[in-house]
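K.L.:
Fold the following and give me the result.
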Amino acid sequence: MNIINSKGIHVGSVISSAVFDLRGQKLYELMDLVFSFLISAGIIAFGVWVVAGTIAAGWPWTLMGLLAVIVGVLGLYESVRTPRHGVF
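P.N.:
All right, here's what the predicted structure looks like:
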């Protein structure tokens, strides 16, 4: 099955349950890569926000924010390090 845009131009193909672009790459793998990167970046940003807020307020919860930053960095490292075939 072919994917046609509103102008009638062929932009992709559907084979079985996978969607491919014109270069033959699976689009879902690229979406997974971007999604995992954004989730990790969001966790890091939340941790930095918690650390900054607790330091400014003088509360002893800074360790919780640092834990979120560490978890986010580990997730980001895992999402970048994992080889994905057919993406880039």
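
K.L.:
what's the longest helix in the chain?
P.N.:
What stands out as the longest helix in the chain, according to DSSP state H, is helix 27-57.

K.L.:
And that one, what's buried?
P.N.:
Buried residues in helix 27-57, counting neighbours by 16 or more other C-beta atoms under 10 Å, are found at 33, 36, 40, 43-44, 47, 50-51, 54. In this view, the C-beta of every residue, glycine as well, is placed from N, C-alpha and C.

K.L.:
mind putting those residues in a markdown table, distance to G65 and pLDDT included?
P.N.:
Below are these laid out as a markdown table (distance: C-beta to C-beta, whole Å; pLDDT from 0 to 100):
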| residue | distance to G65 | pLDDT |
| --- | --- | --- |
| L33 | 27 | 79 |
| S36 | 22 | 87 |
| S40 | 16 | 92 |
| I43 | 11 | 93 |
| I44 | 10 | 93 |
| G47 | 5 | 92 |
| V50 | 3 | 91 |
| V51 | 4 | 90 |
| T54 | 6 | 90 |
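
K.L.:
List just the nearest of these to G75.
P.N.:
S40 (4.0 Å; C-beta to C-beta).

K.L.:
and the closest one, what does it touch?
P.N.:
Listed by C-beta atoms under 8 Å, 6 or more residues apart in numbering, the contact set of S40 reads 72-73, 75-76, 79.

K.L.:
For S6, see how far away it is.
P.N.:
35 Å (C-beta to C-beta, to the nearest Å).

K.L.:
Same check on W59?
P.N.:
Per C-beta to C-beta, W59 is found 54 Å from S6.

K.L.:
swap in I70?
P.N.:
Separation of I70 from S6 (C-beta to C-beta) stands at 46 Å.

K.L.:
contacting residues around the residue nearest to A45 when sequence neighbours are not counted?
P.N.:
Nearest in space to A45, with sequence neighbours left out and distances taken as C-beta to C-beta, 6 or more residues apart in numbering, is G72 at 7.9 Å. With contact set as C-beta under 8 Å, 6+ apart, G72 has these partners: 40-47.

K.L.:
now L30: how far from S36?
P.N.:
L30 is 11 Å from S36, where distance means C-beta to C-beta.

K.L.:
Noted, bye for now.
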